[in-house]
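Student: Sharing a sequence plus its predicted fold:
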Amino acid sequence: LGIWAAPLLINIIAIGFKSNIYKYELAVNLTRIIFPYIGFVAVAALFMGILNSYNHFLIPALAPAMLNISVIIFAITLSYKYGIYSIALGVILGGICQALIQTPILIRKKLKYRFTVDFKDPGVKKLLKLLLPVMIGLAITQINVVVDKTIASTLIDGSISALYYSNRLVQFPLGAFGIAISIAIFPTLAKQTAKNNITEFKKSLLFGLRMLLFITIPSAVGLIVLKDSLIRLIYEHGIFSRAATNMTASALLYYSIGLFAYACVRLITMSFYALKDTKTPVKIGIYIVFINIALDLILIRYLAHSGLALATSVAAILNLIILLKVLQDKIGDMELKSQASFLIKIIISSIFLGIICVLVGNYFGKVLDLNYKYNQIIQVTAS
């Protein structure tokens, strides 16, 4: 259905493409190629849920990173021959790999799955009741990204690509670490809620938030200071010009600002689910979508496509602040102020990390000819 309706979808999502027949047809073709990814990632998500129920978290959490890895590999190796279509092929393989990487554990466990649904089962009834609000709550960040791309379609050529490529780099640490931590902690939060042990619930949640900040803040600093080098290394091939690198690097800068918020929002949203409250994140999320749209329309006047990335980050930070406030009203004080020293230490350490990355990168930039890929690899790896 999605493959057949690709022209309609492009008319809705990329309204700015209507005036350019080449861009419109290219978008339709790419959409048709990529659409089967939904089926592959659905199977991967099913495998992830099964493995999580058996307390396997590492491999399922790493599975989404296969998309980023696949896209990067295809961009580097096939862009010379297939151009932008290499990215679409990378997306398809990434979806397949997300399922395949989890298969060995399923086989080793000799787990069997029946593709039948008993709608009379109490568990299925409960699932269907919670499904829609949970889907909306977890999709808020991605809805904002789709809105960004829709508005970006009205801007200069390359705006959507810059947002997509930069977002993929941000999704790598988010998928590999941020989502992994949230998924691993969720069963503990659910058990503590079932026992009505709110004190331990708050301790577990606070531990998860500390872990996320410990990982995402340095990751964001690394992405910001290495943005030009990373994008030049990974994407600057064939028709991907230096101008495209600059556009993508600018978007990456502003997306990275909100990296910690993307991760923390995911965990706090799942905390509400553990408390059997699926409506609150949805209500807040709907407001955040409208705030994001308003910020989009304001910031594109000053920062063009990068304003869309900044709007997404600001919206995510606002979402985090509001969710934390509402959660504290619900479960009591989480002693967030006492975590100030921990946060300051991470920020200071990350600043030093950024300074060292810049110094090392600049040094290798002077002594190496960065027109060669292997020299770019040395520069980025050393940094």
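Tutor: That came through fine. Numbering: from 1, shown residues only.

Student: tell me the contacts of Gly258?
Tutor: Contact analysis of Gly258 by CB atoms under 8 Å, 6 or more residues apart in numbering lists Thr312, Ser313, Val314, Ala315, Ala316, Ile317. In this view, the C-beta of every residue, glycine as well, is placed from N, C-alpha and C.

Student: Which parts of the stretch 51-200 of the chain are helices?
Tutor: Ranges of helices in the stretch 51-200 of the chain, per DSSP state H, counting those that start in this stretch, are 58-62, 65-82, 85-100, 103-108, 122-152, 159-173, 179-194, 198-225.

Student: who wins for proximity to Leu46 among those?
Tutor: Evaluated with CB to CB, the helices of the stretch 51-200 of the chain place helix 85-100 nearest to Leu46, the distance being 8.5 Å.

Student: Dump the C-alpha coordinates for that closest one into PDB.
Tutor: Taking Å, rounded to 0.1, in the frame of the first residue of the first chain, the C-alpha atoms of helix 85-100 are listed here in PDB:
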ATOM      1  CA  TYR A  85      20.100   5.300  -4.300                       C
ATOM      2  CA  SER A  86      23.000   3.800  -2.300                       C
ATOM      3  CA  ILE A  87      21.500   5.300   0.800                       C
ATOM      4  CA  ALA A  88      18.100   3.700   0.100                       C
ATOM      5  CA  LEU A  89      19.800   0.300  -0.400                       C
ATOM      6  CA  GLY A  90      21.600   0.900   2.900                       C
ATOM      7  CA  VAL A  91      18.300   1.500   4.700                       C
ATOM      8  CA  ILE A  92      16.900  -1.800   3.400                       C
ATOM      9  CA  LEU A  93      19.900  -3.800   4.400                       C
ATOM     10  CA  GLY A  94      20.000  -2.000   7.700                       C
ATOM     11  CA  GLY A  95      16.400  -3.200   8.400                       C
ATOM     12  CA  ILE A  96      17.300  -6.800   7.500                       C
ATOM     13  CA  CYS A  97      20.400  -6.700   9.700                       C
ATOM     14  CA  GLN A  98      18.400  -5.400  12.700                       C
ATOM     15  CA  ALA A  99      16.400  -8.700  12.600                       C
ATOM     16  CA  LEU A 100      19.400 -10.900  11.700                       C
END
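
Student: Which other helices and strands does it contact?
Tutor: Counting contacts by 3 or more CB pairs under 8 Å, 6 or more residues apart in numbering; DSSP states H and E, helix 85-100 packs against helix 21-34, helix 37-53, helix 65-82.

Student: picking that back up, need the helices of the stretch 51-200 of the chain in a markdown table with mean pLDDT, distance to Trp4 and mean neighbour count, can you?
Tutor: Output for those, formatted as a markdown table (pLDDT from 0 to 100; distance: least, CB to CB, whole Å; neighbours: other CB atoms under 10 Å):
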| stretch | mean pLDDT | distance to Trp4 | mean neighbour count |
| --- | --- | --- | --- |
| helix 58-62 | 80 | 32 | 18 |
| helix 65-82 | 82 | 24 | 18 |
| helix 85-100 | 91 | 17 | 20 |
| helix 103-108 | 87 | 30 | 12 |
| helix 122-152 | 76 | 20 | 16 |
| helix 159-173 | 87 | 23 | 23 |
| helix 179-194 | 85 | 32 | 19 |
| helix 198-225 | 92 | 38 | 20 |
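
Student: now the ones you listed in TSV, with distance to Val326?
Tutor: What follows is the helices of the stretch 51-200 of the chain, written out as TSV (distance: least, CB to CB, whole Å):
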stretch	distance to Val326
helix 58-62	27
helix 65-82	31
helix 85-100	33
helix 103-108	37
helix 122-152	13
helix 159-173	26
helix 179-194	16
helix 198-225	14
